[in-house]
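S.K.: A predicted structure for the sequence below; I have some questions about it.
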Amino acid sequence: MELHPILTLAAKEFRDRIRNRWVLAVAVVFTAFALVIAYFGAAQQGAVGFRSIEVTIASLVSLVIYLIPLIALVLGFDAIVGERERGSLDLLLSLPITRLELLLGKYLGLSAALALSTLLGFGLVGLLLATRLDATALFHYAGFMASSVLLGMAFLSLAVMVSVFAADRTRASGLAIALWFFFVLVFDLLLLGALVASGGQYGGDIFPWLLLLNPADVFRVLNVFSLDEVKTLYGLASVFPEELSDPWKLGLVMGLWIAAPLAVAASKFKS
């Protein structure tokens, strides 16, 4: 495996997203939502305007969990199957590039586009709030942005895996939406339903570990435990042990969520 063809293909994918204004559109969406949440998130309590970084991050976490996975899955579901349907996959593979290099180049280019749009969107809001934040608050906000990028990369990895396994774009898009529903909406309901059905007698000890099987939950817990005030806003804080909430450990878990689907996709794509 050589680095040059991977970077060349990644740069092409990134330039394509820049040219079609995809990065700009997503950045504008993130900026608009973040501004609304930062200044009007407490309107239901009869107050408007920026209140605290803790409340802002807590509200943004809820937004990101719904929005970024969906954007990442839509961005990457046709990365491979789309090339196959257009007939350009065979042309790409006829070049001096391996299947693994092709897969990694596609993924890195899409990841760079998604990361840039995320950092631009939330970073602009961070600049607007910078005068109201101290160094600690800015550090936590930067951590929130970094974890948002990791969340997007994890779901983009799942999207690329779907793209490798799917027979056509229609099935790939259906599988991508199904993954979004499962990880964002259904997974937590299944866990909570199991706990309620058992009266809390079964599964309580392994419940925190089961949350690690969902990258959206890993992202949520990573940000919930970053600030003391945010812990009180989520019920997860009462069931998740402190020793499992170390940011470095959770970051490692998110890294595994990025690497594992890519490894599965690479294995299938090479066969």
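M.R.: Perfect, I can see it now.
S.K.: residue ranges with poor pLDDT in the stretch 151-271 of the chain?
M.R.: For the stretch 151-271 of the chain, the stretches with pLDDT under 70 are 198-204, 226-243, 271.
S.K.: could you pull out the helices for it?
M.R.: 169-180, 187-197, 207-211, 215-224, 228-231, 247-270 (DSSP state H, counting those that start in this stretch).
S.K.: With respect to residue 63, which of those lies nearest?
M.R.: When the helices of the stretch 151-271 of the chain are compared by C-beta to C-beta, helix 215-224 sits nearest residue 63, at 11.6 Å. Using the backbone N, CA and C atoms, a C-beta is placed for each residue, glycine as well.
S.K.: quick revisit: give me whichever of the helices of the stretch 151-271 of the chain is most buried.
M.R.: For these, the largest average neighbour count (mean count of other C-beta atoms under 10 Å) is found in helix 215-224, namely a mean of 24.
S.K.: list the helices and strands that one packs on?
M.R.: helix 53-76, helix 135-165, helix 187-197, helix 207-211, helix 228-231, helix 247-270 (3 or more C-beta pairs under 8 Å, 6 or more residues apart in numbering; DSSP states H and E).
S.K.: Give me the residues contacting the helix or strand where residue 17 lies.
M.R.: Using DSSP states H and E, residue 17 maps to helix 3-19. For helix 3-19, the external contacting residues (C-beta atoms under 8 Å, 6 or more residues apart in numbering) are 23, 95-97, 101-102, 104-110, 112-113.
S.K.: so how far is residue 186 from residue 264?
M.R.: 21 Å (C-beta to C-beta, to the nearest Å).
S.K.: brain fart, residue 178
M.R.: Using C-beta to C-beta, residue 178 is found at 9 Å from residue 186.
S.K.: Please apply the same query to residue 218.
M.R.: 17 Å.
S.K.: related to what we said a few turns ago, out of the helices of the stretch 151-271 of the chain, which gets nearest to residue 137?
M.R.: helix 228-231 (11.2 Å).
S.K.: before we move on, back to that, would you mind giving the helices and strands packed on helix 215-224 as JSON lines with distance to residue 27 added?
M.R.: Putting those into JSON lines (distance: least, C-beta to C-beta, whole Å) gives the following:
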{"stretch": "helix 53-76", "distance to residue 27": "11"}
{"stretch": "helix 135-165", "distance to residue 27": "12"}
{"stretch": "helix 187-197", "distance to residue 27": "28"}
{"stretch": "helix 207-211", "distance to residue 27": "30"}
{"stretch": "helix 228-231", "distance to residue 27": "25"}
{"stretch": "helix 247-270", "distance to residue 27": "22"}
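S.K.: how about residue 213, what does it touch?
M.R.: So residue 213 contacts residue 187 (C-beta under 8 Å, 6+ apart).
S.K.: Kindly recompute the last result at 10 Å.
M.R.: Taking C-beta atoms under 10 Å, 6 or more residues apart in numbering, we find residue 213 in contact with 183, 187, 191, 253, 257.
S.K.: do the same with residue 74
M.R.: With the criterion set at C-beta under 10 Å, 6+ apart, residue 74 makes contact with 155, 159, 173, 176, 177, 180.
S.K.: redo that, cut-off 8 Å
M.R.: Contact analysis of residue 74 by C-beta under 8 Å, 6+ apart lists 159, 176.
S.K.: And it, how close does it get to residue 67?
M.R.: 11 Å.
S.K.: Check residue 92 too.
M.R.: From residue 92 to residue 67 the distance is 31 Å (C-beta to C-beta).
S.K.: Pick out whichever of these two has more residues nearby.
M.R.: residue 67 (19 against 14; other C-beta atoms under 10 Å).
S.K.: can I assume that one is in contact with residue 37?
M.R.: No: with contact defined as C-beta atoms under 8 Å, residue 67 does not reach residue 37; the gap is 11.4 Å.
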